[in-house]
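**Student:** predicted model follows, preceded by the sequence.
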Amino acid sequence: MNHATDRADALRERSRARLAARQDEVIALSHSLHAEPELAYEATRSAAEIANLMEGGGFAVARGVCDLPTAFTATAGSGDLVIGICAEFDALPDIGHASGHNVNGAAAVAAGPVAGGHRRRDRGHRPPGSPPRTRPMP
């Protein structure tokens, strides 16, 4: 195998380990969201539960983004490479979480630390093949 393949294999294994470490809490979150469905803009308990887990995963959380009590951002690290994960976690009227939004919210909690755990803090690292940033980020 070549160096790139070895690095990709190592990256996959680290990702699996990070996900496995949080698997129980992510499944518990999905079940909790499903058990207590909240409609859009009313999902304050769900938003708090997800935000708290992101903080527990090492993210800085800003709550009430855009003057919405159910919106938040969770950030880690700095630099040119930015990864955004957007997830709906609200229930729908009359059907609750039959839409699967409880799984979306839980998946974001799992994906954030997995993706964020691969950043290189000491260098302006971009994955091979990613273009340089050509305009300032908002």
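**Tutor:** Perfect, I can see it now. All of these numbers come straight from a predicted model, not from anything done at the bench.
**Student:** please count neighbours and contacts with C-alpha atoms only from this point.
**Tutor:** Will do.
**Student:** how about stretch 21-41 as CSV, C-alpha atoms only?
**Tutor:** Provided in CSV are the C-alpha atoms of stretch 21-41 (Å, rounded to 0.1, in the frame of the first residue of the first chain):
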residue,chain,number,x,y,z
ALA,A,21,-16.8,6.3,22.1
ARG,A,22,-20.0,8.4,21.8
GLN,A,23,-22.3,5.7,20.4
ASP,A,24,-24.3,5.1,23.6
GLU,A,25,-24.9,8.8,24.3
VAL,A,26,-25.9,9.4,20.7
ILE,A,27,-28.4,6.6,20.7
ALA,A,28,-29.8,7.8,24.0
LEU,A,29,-30.2,11.3,22.6
SER,A,30,-32.1,9.9,19.6
HIS,A,31,-34.4,8.0,21.9
SER,A,32,-34.9,11.0,24.2
LEU,A,33,-35.7,13.3,21.3
HIS,A,34,-38.2,10.7,19.9
ALA,A,35,-39.8,10.2,23.3
GLU,A,36,-40.5,13.9,23.9
PRO,A,37,-41.2,15.5,20.5
GLU,A,38,-41.2,19.3,20.2
LEU,A,39,-42.4,21.3,17.3
ALA,A,40,-40.4,23.8,15.3
TYR,A,41,-39.4,26.9,17.3
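**Student:** state the mean pLDDT of it.
**Tutor:** Stretch 21-41 shows a mean pLDDT of 94.
**Student:** contact partners of that stretch?
**Tutor:** 43-44, 46, 49-50, 68-70, 89-93, 96-97, 102-103, 105-107, 109-110 (C-alpha atoms under 8 Å, 6 or more residues apart in numbering).
**Student:** in that stretch, what counts as buried?
**Tutor:** Neighbour counts over stretch 21-41 (16 or more other C-alpha atoms under 10 Å) mark 22, 26, 27, 29, 30, 33, 34, 37, 38, 39 as buried.
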